[in-house]
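Chemist: Okay, sequence plus prediction incoming.
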Amino acid sequence: MSSEAMRLLPSYPEMSHHEGRSRPVGFFLRLMLATAFVNLAPASAVAQAPKKAVASPALQKEFDGFIEKFRAALRTNDSAAVAGMTRLPFMNDSAIREAAQFRAKTYPTSFTAKNRACIQRGKAVYDRDQENNDNYLVFCGELIFVFTKTPAGFLFTDVGAND
């Protein structure tokens, strides 16, 4: 910068002039360089949105076989067959630890004609929960029906609020 240009700049006592630049300009340049380096950081160093879970083909095939049988039981309103494909005690409720209790307490309220029809046509969505369990979810209005991979195969494990 020429001495004539330096003379025309306002003078601030707290700013020292080094090579024609004031401290705020030097700070601004350092800030811009730091921002550029952060933007060039590898993607793994930057927090990323969690990847959507994807079921393996073998897992999908196993679930498809299960849900086909489950839907067949719903079509014929076979509460005994549905209870046989349910993890008991249902939702860890000691009052629903046997198939007869499930059929009396849970089936009539959770598997209304409307919900049975919804599960028949609803798309099951794969998800992996915090405990790393493989789950498929069917959303029916205000309810979510959950099917979980267990050591015994897939089972109906939960019905909850769709919030």
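Modeler: Received it, and whenever you're ready, just let me know what you need. Computed from a predicted structure; not experimentally measured.

Chemist: so where's this structure shaky on pLDDT?
Modeler: Confidence mapping of the chain against pLDDT under 70 gives the ranges 1-50.

Chemist: try it again with 90
Modeler: Scanning the chain for pLDDT under 90 picks out 1-53, 163.

Chemist: what pairs with the host helix or strand of residue 147, and is each one parallel or antiparallel?
Modeler: Residue 147 is located in strand 143-150, with elements delineated by DSSP states H and E. Using DSSP bridges, the strands paired with strand 143-150 are strand 134-140 (antiparallel), strand 153-161 (antiparallel).

Chemist: Tell me which of these is the most buried.
Modeler: strand 134-140 (a mean of 20; mean count of other CB atoms under 10 Å). Every C-beta, even on glycine, is put in place using the N, C-alpha and C of the backbone.

Chemist: ok, residue 161 - contacts?
Modeler: 142, 143, 144 (CB atoms under 8 Å, 6 or more residues apart in numbering).

Chemist: could you measure the second one against residue 124, distance?
Modeler: Using CB to CB, to the nearest Å, we find residue 143 at a distance of 14 Å from residue 124.

Chemist: quick one, which of those two is more surrounded?
Modeler: Comparing residue 143 with residue 124 by neighbour count (other CB atoms under 10 Å), the higher total belongs to residue 124, at 20 against 16.

Chemist: Roughly how far does the residue nearest to that one when sequence neighbours are not counted sit from residue 62?
Modeler: Closest residue to residue 124 apart from its sequence neighbours, by CB to CB, 6 or more residues apart in numbering: residue 136 at 4.1 Å. Here the criterion is CB to CB. By it, residue 136 lies 10 Å from residue 62.

Chemist: what's the overlap in contacts for the two?
Modeler: Joint contacts of residue 136 and residue 62 (CB under 8 Å, 6+ apart) are residue 154.

Chemist: out of the contacts of residue 161, who's nearest residue 109?
Modeler: Nearest to residue 109 out of the contacts of residue 161 is residue 143 (CB to CB; 10.2 Å).

Chemist: which residues sit in contact with that closest one?
Modeler: By CB under 8 Å, 6+ apart, the contact set of residue 143 is 110, 115, 159, 160, 161, 162.
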